[in-house]
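**Student:** Sequence isn't available, so here's the structure alone:
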């Protein structure tokens, strides 16, 4: 496998550990970390659930796309992408030109266990169960997999374990 160059984009379904892995990885490889969801929250001074409620999902997805323009002007970073970031094919094409896309995967059961006590996931509001998570994941997985340059299973691994796997590729 070729060495990773440019930005490292961590993608995958909510709850796979993108943010936690990004934090660990950025320390290991000494690259600045960007969390796209936090970036949007800070820019708009609203939480993700508030943005979805007040401005809608389409507006949020537009914000995600605008972030890529800013990231393209920066030195290589570790970028933790929101779960729907790569659902836009234009985003994927830009990301491929800018660096490497790493898909983090986990089972629906693992996702449920990691998220069951949270209420900050608008797409799971009223649907916090393994069946719904599995359905949504199955809709998104073909897109995630086609976007990915590297795929890493995270079930049973700590964020540090996953960061070490990625570090071996850098």
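**Tutor:** Right, received. Where do you want to start? Remember, it's a predicted structure, so these values are computed and weren't measured experimentally. Numbers count the residues shown, from 1 in each chain.

**Student:** mind listing what the longest strand seen in the chain pairs with, with the direction of each?
**Tutor:** Criterion DSSP state E: the longest strand present in the chain is strand 99-105. Paired strands of strand 99-105, with direction, are strand 7-11 (parallel), strand 150-153 (parallel) (DSSP bridges).

**Student:** and residue 34, helix, strand or coil?
**Tutor:** Secondary structure, DSSP: H, G, I helix; E, B strand; the rest coil: residue 34 is strand.

**Student:** what bridges to it?
**Tutor:** With DSSP bridges applied, residue 34 shows beta-bridge pairing to residue 79.

**Student:** For residue 148, see how far away it is.
**Tutor:** To residue 148, residue 34 is 19 Å away according to CB to CB, to the nearest Å. Yep, even glycine has a C-beta here, placed from its N, CA and C like the rest.

**Student:** Just the residues contacting the longest strand of the chain, thanks.
**Tutor:** Strand 99-105 is contacted by residues 4-13, 16-18, 21, 76, 79, 86, 92, 95, 144-145, 147-155, 162, 166 when judged by CB atoms under 8 Å, 6 or more residues apart in numbering.

**Student:** Moving C-terminal from that strand, which element do we reach first?
**Tutor:** Once the chain leaves strand 99-105, the next helix or strand it forms, by DSSP states H and E, is helix 108-115.

**Student:** Residues contacting that following helix, please?
**Tutor:** Applying CB under 8 Å, 6+ apart, the set of residues contacting helix 108-115 is 13-17, 106, 121, 124, 128-130, 133-134, 137, 154-155.

**Student:** try 10 Å
**Tutor:** With contacts defined as CB atoms under 10 Å, 6 or more residues apart in numbering, helix 108-115 is touched by 12-17, 20, 105-107, 121, 124, 128-138, 153-157.

**Student:** Near residue 51, how many other residues are there?
**Tutor:** Neighbour count of residue 51, defined by other CB atoms under 10 Å: 19.

**Student:** Likewise for the one 4 residues further on?
**Tutor:** Applying other CB under 10 Å, we find 14 residues neighbouring residue 55.

**Student:** Residue 113 too?
**Tutor:** Residue 113 is flanked by 13 other residues according to other CB under 10 Å.

**Student:** Return the distance of it relative to residue 165.
**Tutor:** For residue 113, the distance to residue 165 equals 21 Å [CB to CB].
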